[in-house]
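Visitor: one predicted model, sequence on top.
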Amino acid sequence: MRKSIEVIRGNSPGTEWRLSVLTFEGRSADAPRAYLQAALHGNELPGVAALHMLIPMLRDAERDGRLRGTVTVVPHANPIGLGQHLFGEHLGRFAFGSRTNFNRNFPLLAAPDPSALIDDAASALAEVRLKALLVRLSLGHELVLDLHCDDEGLSYIYAPAPLWPAMSDLAAALGCEAAILWDKSSDGAFEEAAAAPYLSSAQDAAAGRVVSTVEFRGRADVSPDLARADAEGLYRFLVARGVLVDDRVAPLAPYTAVAAPIDHVDMVAAPVAGTILYHVRPGDRVAAGDALVTVVTAPGEDDGAVTVTAPQDGLILTRRAHRFTRPGDNLLKLVGSRRSATARPGALEA
Ligand SMILES: [Zn+2]
């Protein structure tokens with residue numbers, strides 16, 4: 001394992017961030033290369049915990065000569081968001097200085113040419129330079145995984161529709177309960193930036209390629225057992241793709257859980273402000289008209305609560321971690337079998 005440090009110049013004199021990059025050198029030039037990063041949203045730690053367990057497994061494989069393809073790991077992909085606390089709350093989704101989502105507006109390259117990316121000397125905010133750096137680090141890897149999580153949720157992945165079902169082995173290896181397939185745009189998420197230089201060129205350049213935003217359940221689902229299970233899932237995937245060799249790992253069973261286009265996801269929003277009483281949890285199956293959430297606006301009074309029902313049959317994918325909602329805020333994601341009446345282009349959330 002080789003460790004290198006990328007320095008991100010701060011937005012003011014006297015500050016900087018340091019990003020660790022771990023490289024495990026593969027022995028076979030024709031094997032696929034893998035890139036894994038975690039916590040691009042700085043307060044989403046299940047992926048960090050999984051990498052904590054996976055890295056020793058990669059070191060063993062490298063030491064034993066079982067590593068065929070080079071693996072690059074960035075355990076804390078966003079040191080800026082990792083350090084953002086406001087009055088004791090860890091807020092890692094948006095950059096404080098510019099209100100931008102750390103996982104939107106990545107540079108989309110027409111070809112895998114790093115010279116088209118800005119470097120750290122550029123006249124741009126640190127979060128913009130960080131995005132260019134992460135794209136640069138991911139270039140040249142056939143398998144690119146960006147490890148996130150939801151508020152509360154199942155394990156699921158996002159995949160570019162052109163790569164599905166060719167990359168359904170990832171969902172099988174990770175034991176996912178859903179795969180959400182996006183097309184056209186994800187508002188410049190890292191996943192889109194990692195895929196763009198290859199998907200826009202010849203079809204054969206996309207062969208064997210895997211690019212995914214992996215959602216490892218919810219923000220509080222961070223424990224030794226879950227970390228080990230997620231690391232083993234990532235390891236199974238790397239074995240299945242020939243990045244490393246391990247005879248103890250059984251072949252993957254086919255993926256048989258939900259795979260749905262992104263416009264089949266209903267983002268169920270709160271009609272009013274109030275205290276959230278969930279009637280469902282991630283993993284529940286519901287029918288159209290079933291009660292999902294009661295929002296309490298005037299406790300105990302007549303007409304003091306509003307109940308939101310399921311717009312279609314489906315699977316509850318996620319729900320929020322907070323229990324007070326404002327009007328219009330999202331309450332949960334439901335993945336159904338038909339297009340959501342409120343579907344819109346781009347990513348599901350801002
Ligand atoms: Zn995220």
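Guide: Arrived safely, thanks for sending.
Visitor: what parts of the stretch 1-150 of the chain come near the ion?
Guide: 41, 44, 148 (Cβ under 5 Å from the ion). All C-beta spots, glycine's among them, are computed from the backbone N, C-alpha and C.
Visitor: buried sites along stretch 24-33?
Guide: 24, 26, 31, 32, 33 (16 or more other Cβ atoms under 10 Å).
Visitor: sort out for me which of the residues of the stretch 1-150 of the chain next to the ion are in helices.
Guide: Among these, DSSP state H puts none in helices.
Visitor: restricted to strands, list these.
Guide: Among these, the members falling in strands (DSSP state E) are residue 148.
Visitor: looking at the residues of the stretch 1-150 of the chain next to the ion, which is nearest residue 111?
Guide: residue 148 (26.7 Å; Cβ to Cβ).
Visitor: next SSE after the lowest-mean-pLDDT helix or strand in the chain?
Guide: Lowest on mean pLDDT, DSSP states H and E among the helices and strands of the chain sits helix 190-199, with a mean of 93. Using DSSP states H and E, the helix or strand that follows helix 190-199 in sequence is strand 210-218.
Visitor: now tell me what touches that following strand from outside.
Guide: Residues outside strand 210-218 that contact it (Cβ atoms under 8 Å, 6 or more residues apart in numbering): 46-47, 50, 103, 142-160, 163, 167, 170, 174, 189-191, 194-195, 226, 230, 241, 282, 318, 321.
Visitor: what of stretch 91-108?
Guide: 11, 39-44, 78, 80-82, 84-86, 116-118, 125-127, 130-132, 134-135, 146, 148, 187-190, 192-193, 196, 213, 347, 350.
Visitor: of those, buried ones?
Guide: The buried subset of these - by 16+ other Cβ under 10 Å - is 11, 39-44, 78, 80-82, 84, 117, 126-127, 130-132, 134-135, 146, 148, 187-190, 192-193, 196, 213, 347.
Visitor: what is the neighbour count of the residue in the stretch 251-350 of the chain positioned nearest to the ion?
Guide: Closest approach between the stretch 251-350 of the chain and the ion, counting by Cβ to the ion: residue 349, at 9.0 Å. Counted with other Cβ atoms under 10 Å, the neighbours of residue 349 add up to 13.
Visitor: tell me the contacts of it?
Guide: 267, 330.
Visitor: for it, phi and psi?
Guide: phi -130, psi 160 (degrees, to the nearest 10).
Visitor: and what of residue 129?
Guide: According to degrees, to the nearest 10, residue 129 has phi -70, psi -40.
Visitor: next, count neighbours for it.
Guide: Count around residue 129 with other Cβ under 10 Å applied: 21.
Visitor: measure it to the ion for me?
Guide: Taking Cβ to the ion, to the nearest Å as the measure, residue 129 falls 20 Å from the ion.
Visitor: surely that residue meets residue 122?
Guide: Yes. Counting by Cβ atoms under 8 Å, residue 122 is a contact partner of residue 129 at 6.1 Å.
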